[in-house]
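Engineer: coords below, sequence missing:
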């Protein structure tokens, strides 16, 4: 049986701790932890430490100390999050431009990379090969391949405005669609 360890960043110190009821009640802690663990990367079995390893994963204090996420959307191959300063970051697979970093980097990005364009986001949502978000001025933008909402089927490597000049409060990206 694998020991379940959480590594948290509190008051400038990285600590190992077993999950307890208080930690699990705070979804903010779980989201921030998810961002840090996703940034480190996972092995084939989707665990950060590999099969049979019961020690806590080694994490970079720099990544944890620099970015504080208030919202994260995790997909199968990539994740995106919005920091407390409304900057969107993505990490993971970028084969279709779903990280929004300006090009299709054909390798996994193991640390969060800022989405290009300088937009300020309220929330983000990831689909299979695209990502979308709503800016602080209520406009929806998408990037990647597929359901990006600009009336084309082109890959978009940076955020493009969803057509129609509509106001949004929230978007949800699915496998091949966005609502």
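Structural biologist: Received the coordinates, thanks. A quick note: this is a predicted structure, and the numbers were derived from the prediction, not measured.
Engineer: what about the strands in this protein?
Structural biologist: Using DSSP state E, the strands of the chain run over residues 6-10, 13-17, 69-74, 78-83, 88-92, 109-114, 121-126, 130-135, 140-144, 156-161.
Engineer: give me the below-cutoff pLDDT ranges for the chain.
Structural biologist: Low-confidence segments of the chain (pLDDT under 70): 1-65.
Engineer: on that earlier part again, adding mean neighbour count and distance to residue 101, write the strands of the chain out as JSON lines.
Structural biologist: Quick note: C-beta positions are derived from backbone N, CA and C, even for glycine. Compiled in JSON lines, those are given as follows (neighbours: other CB atoms under 10 Å; distance: least, CB to CB, whole Å):
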{"stretch": "strand 6-10", "mean neighbour count": "16", "distance to residue 101": "25"}
{"stretch": "strand 13-17", "mean neighbour count": "12", "distance to residue 101": "27"}
{"stretch": "strand 69-74", "mean neighbour count": "19", "distance to residue 101": "16"}
{"stretch": "strand 78-83", "mean neighbour count": "25", "distance to residue 101": "11"}
{"stretch": "strand 88-92", "mean neighbour count": "26", "distance to residue 101": "7"}
{"stretch": "strand 109-114", "mean neighbour count": "18", "distance to residue 101": "5"}
{"stretch": "strand 121-126", "mean neighbour count": "23", "distance to residue 101": "14"}
{"stretch": "strand 130-135", "mean neighbour count": "27", "distance to residue 101": "11"}
{"stretch": "strand 140-144", "mean neighbour count": "27", "distance to residue 101": "9"}
{"stretch": "strand 156-161", "mean neighbour count": "20", "distance to residue 101": "7"}
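Engineer: just put the ones you listed in a markdown table and tack on distance to residue 167.
Structural biologist: Shown next, in a markdown table, are the strands of the chain (distance: least, CB to CB, whole Å):
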| stretch | distance to residue 167 |
| --- | --- |
| strand 6-10 | 36 |
| strand 13-17 | 41 |
| strand 69-74 | 19 |
| strand 78-83 | 18 |
| strand 88-92 | 19 |
| strand 109-114 | 25 |
| strand 121-126 | 12 |
| strand 130-135 | 9 |
| strand 140-144 | 9 |
| strand 156-161 | 12 |
